[in-house]
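1. model this:
(chains A and B)
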There are 2 protein chains.
Amino acid sequence: MPSAENMDEGSILVRTLHLSCDPYLKGCISTMFKDSPFAIKPGEVVCGIGIGVVEASTSPEFNVGDMVSGFRVPWQTRFVTKTEGFSKIEVDSKIKAIDYLGVLSMPSFTAYVGLVTVGKPKEDETLLVSSAAGGVGQMVVQLAKARGMRVVATAGSDDKVEFIKSLGADVAFNYKTCGSFADAIKKHVPEGIDLYFDNVGGEFLEAAVANMKDFGRIVLCGMMSQYSLAPEMRYGVKNMFDVVTKRLSINGYNVGDHYARPEYQSFIEEVSTLYRKDKLKYRIAETRGLENAPQALLDLLDSKVCGKPVISIASDSQV
Amino acid sequence: MPSAENMDEGSILVRTLHLSCDPYLKGCISTMFKDSPFAIKPGEVVCGIGIGVVEASTSPEFNVGDMVSGFRVPWQTRFVTKTEGFSKIEVDSKIKAIDYLGVLSMPSFTAYVGLVTVGKPKEDETLLVSSAAGGVGQMVVQLAKARGMRVVATAGSDDKVEFIKSLGADVAFNYKTCGSFADAIKKHVPEGIDLYFDNVGGEFLEAAVANMKDFGRIVLCGMMSQYSLAPEMRYGVKNMFDVVTKRLSINGYNVGDHYARPEYQSFIEEVSTLYRKDKLKYRIAETRGLENAPQALLDLLDSKVCGKPVISIASDSQV
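-> Residues are numbered from 1 along each chain as shown, chains lettered A, B, ... in the order given. Below you'll find the predicted structure:
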């Protein structure tokens, strides 16, 4: 067990409270991100976004009792770390520690950047969003509705579809039972798509391309359907010529590029204001106990989770 | 034979001089553009961009002897047409009628729009351009060099490769003899691609995606490799997830959207100035005789043509 003894200067001993369980972790533990600083090799402790409380500090910036958030939190109950990449968080009666892995989390900011900065939404446009009950998708639906868009959303179970509708989506459908993706999209978006927010990639992306309006925009956020496949087994998108004839734009992005930009403050302000006024919902799918963390990740990758998965390992507090 | 008798008001009788032979015609005569106004049905006369001389006119805007350019010129020696879509052209000792299907043509403007407006080139960036000896590609190479880019270009024969080098490309290679596309691009662009100007699509597009730099841009102009394939037989691009991880942008466009914008004047000014000063080369692959027009189109689609194909049917003039 890590202890406060012999800690280097500028370090903190943190007791872990909550761990964020996100699709990108699949990339970290597979060969997909093997050249990335986020790669996790066999035998190494899984490490992701998390929240904890400082139990000892040799840093002038952190005091015992401070609540902290970091991008490199190991999936263990306590850990010693340099303070780089960690920041203090403020909690109160409305915004709790776990909300920093929920409504104010990286996936939530991912939704904001993709929809607002990259997607440039306009009132009365039609948005299609896939994987809409997840950590990113549920926020895309609500931020798009707040901007006056018509929102068509899809997810992989009837429960998720009901959840998405409760968030305000105009139409939601179950992609696992809809038959042909292209036909289902055509049925639910007969006017064509102005903006497609893609969380799944593969065959669904191809079907969305086929249903885009002229000059439509596609935001590529993630590709849940492709993460478990070897590169040569990934789905080949055959209708790229539609991108020419329809004059489409396709943009990939990474939320990590956007934290240092003014839009991060805009995100915090808009989302925390709406959340405090109960004008924004955010469903966290909480798993209790570190021993259940691997299964939580497997369930996420299996599309079994409705909401944003968080693993809570603080038995002694309800933060 | 069309004649000047019984012409409706606002019409012209035109004797055809030159016909532009372009890859998009394949789309017009196949089912690809079947819902487009440019569709050409079996039994109809092929119709494309062309140059002619007015032989009779019931329009106050056109006089006998005027040289005209139009987008809907039938592949026949004479025709009567409403004047809509036709405009007068000026010829002199340096810029001849055929140059309006060459250095000042639609494919040339296509190069300008794709490179300058869509591609937003920057000095010292690396450009990759495919099908670089064609009507669009040869202009992309030269306009990119004029903007201080490093230009890597590819084409389908050693003759074309030599031609591209003569235009100033820093590196040119034959994609038919290079082996793996991805390996060849990696070899010739070890630093990675900032801007890919795609004229071919399919497997070569996939190989380019694999060699893009982070934040690279891809301009989709056309997809020569895919035009002859049924939609379900088209090549599926399997590495779309690279678009996410590298934060790429992909933009399709159509030159037809850009004629009414100020950039058309910018194009005419830049290109005609450079051309008059002999700072721009443009190779026209001229076929003589209307009877040879079908073969010229087949040769173009077969990648056998070096330069911009034009069919000349004026036996009595050297305009």
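
2. got a list of what the residue in the stretch 201-319 of chain A positioned nearest to chain B touches?
-> Proximity of the stretch 201-319 of chain A to chain B (Cβ to the nearest Cβ) peaks at A:Gly236, 1.9 Å away. C-beta: built from backbone N, CA, C; applies to glycine. Residues near A:Gly236 by Cβ atoms under 8 Å, 6 or more residues apart in numbering or on different chains: B:Tyr235, B:Gly236, B:Val237, B:Lys238.

3. for chain B, what are the nearby residues on chain A?
-> Within reach of chain B by Cβ under 8 Å from any Cβ of the partner chain, chain A has these residues: A:33, A:201, A:205, A:220-223, A:226, A:231-232, A:234-254, A:257.

4. 6 Å instead?
-> Within chain A, the positions near chain B by Cβ under 6 Å from any Cβ of the partner chain are A:220, A:223, A:226, A:234, A:236-238, A:240-241, A:243-244, A:247-254.

5. any idea which of the contacts of A:Gly236 has the most stuff around it?
-> B:Val237 (24 neighbours; other Cβ atoms under 10 Å in any protein chain shown).

6. thought that one was touching B:Ala208?
-> No: judged on Cβ atoms under 6 Å, B:Val237 makes no contact with B:Ala208 at a distance of 10.0 Å.

7. which non-adjacent residue is nearest the residue of the stretch 201-319 of chain A closest to chain B?
-> Of all residues not flanking A:Gly236 in the chain, B:Gly236 sits nearest, at 1.9 Å (Cβ to Cβ, 6 or more residues apart in numbering or on different chains).

8. Can you read off the pLDDT for the one you found?
-> B:Gly236 is assigned 96 on the pLDDT scale.

9. Would you quantify the distance from it to A:Ser266?
-> Distance of B:Gly236 to A:Ser266, given as Cβ to Cβ, to the nearest Å: 38 Å.

10. returning to what we had before: out of the contacts of A:Gly236, which is nearest to B:Leu115?
-> Nearest to B:Leu115 among these, counting by Cβ to Cβ, is B:Val237 at 22.1 Å.

11. bridging residues for the closest one?
-> A:Val237 (DSSP bridges).

12. and A:Arg15, what element?
-> According to DSSP states H and E, A:Arg15 maps onto strand A:11-20.

13. Parallel or antiparallel, list what pairs with that strand.
-> Counting by DSSP bridges, strand A:11-20 is paired with strand A:47-57 (antiparallel), strand A:78-82 (antiparallel), strand A:308-312 (antiparallel).

14. List of residues touching it?
-> Identification of contacts with strand A:11-20 by Cβ atoms under 6 Å, 6 or more residues apart in numbering or on different chains yields A:4, A:48-59, A:62, A:75, A:77-80, A:82-83, A:97-98, A:101, A:310-314, A:319.

15. what do you get for stretch A:115-125?
-> With Cβ under 6 Å, 6+ apart as the test, stretch A:115-125 has contacts from A:Val140, A:Leu143, A:Arg147, A:Gly148, A:Met149, A:Asp194, A:Leu195, A:Val219, A:Asn251, A:Tyr253, A:Glu263.

16. redo that, cut-off 7 Å
-> The contact list for stretch A:115-125 (Cβ atoms under 7 Å, 6 or more residues apart in numbering or on different chains) reads A:127, A:140, A:143-144, A:147-149, A:194-195, A:197, A:217, A:219, A:251, A:253, A:258, A:263.

17. Between its first and last residues, how far does it reach?
-> 12 Å (Cα to Cα, to the nearest Å).

18. Identify each buried residue in it, please.
-> A:Leu115, A:Val116, A:Thr117, A:Val118, A:Gly119, A:Pro121, A:Glu125 (16 or more other Cβ atoms under 10 Å in any protein chain shown).

19. Could I get the average pLDDT for that stretch?
-> Here stretch A:115-125 scores 98 as its mean pLDDT.

20. elements contacting the lowest-mean-pLDDT helix or strand in chain A?
-> Lowest by mean pLDDT, DSSP states H and E among the helices and strands of chain A is helix A:24-29, with a mean of 89. Helices and strands touching helix A:24-29, as assessed by 3 or more Cβ pairs under 7 Å, 6 or more residues apart in numbering or on different chains; DSSP states H and E, are absent.

21. what does it rub up against?
-> Residues from elsewhere that reach helix A:24-29, judged by Cβ under 7 Å, 6+ apart: A:Phe33, A:Phe38, A:Ala39, A:Ile40, A:Val46, A:Gly48, A:Tyr227, A:Ser228, A:Leu297, A:Leu301.

22. Save those as a markdown table, and put in pLDDT and secondary structure too.
-> Output for these, formatted as a markdown table (pLDDT from 0 to 100; DSSP: H, G, I helix; E, B strand; the rest coil):
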| residue | pLDDT | secondary structure |
| --- | --- | --- |
| A:Phe33 | 75 | coil |
| A:Phe38 | 84 | coil |
| A:Ala39 | 90 | coil |
| A:Ile40 | 93 | coil |
| A:Val46 | 95 | coil |
| A:Gly48 | 95 | strand |
| A:Tyr227 | 82 | coil |
| A:Ser228 | 80 | coil |
| A:Leu297 | 95 | helix |
| A:Leu301 | 89 | helix |
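
23. Just the buried residues of the residues you listed.
-> Buried among these by 16+ other Cβ under 10 Å: A:Phe33, A:Ile40, A:Val46, A:Gly48, A:Tyr227, A:Leu297, A:Leu301.
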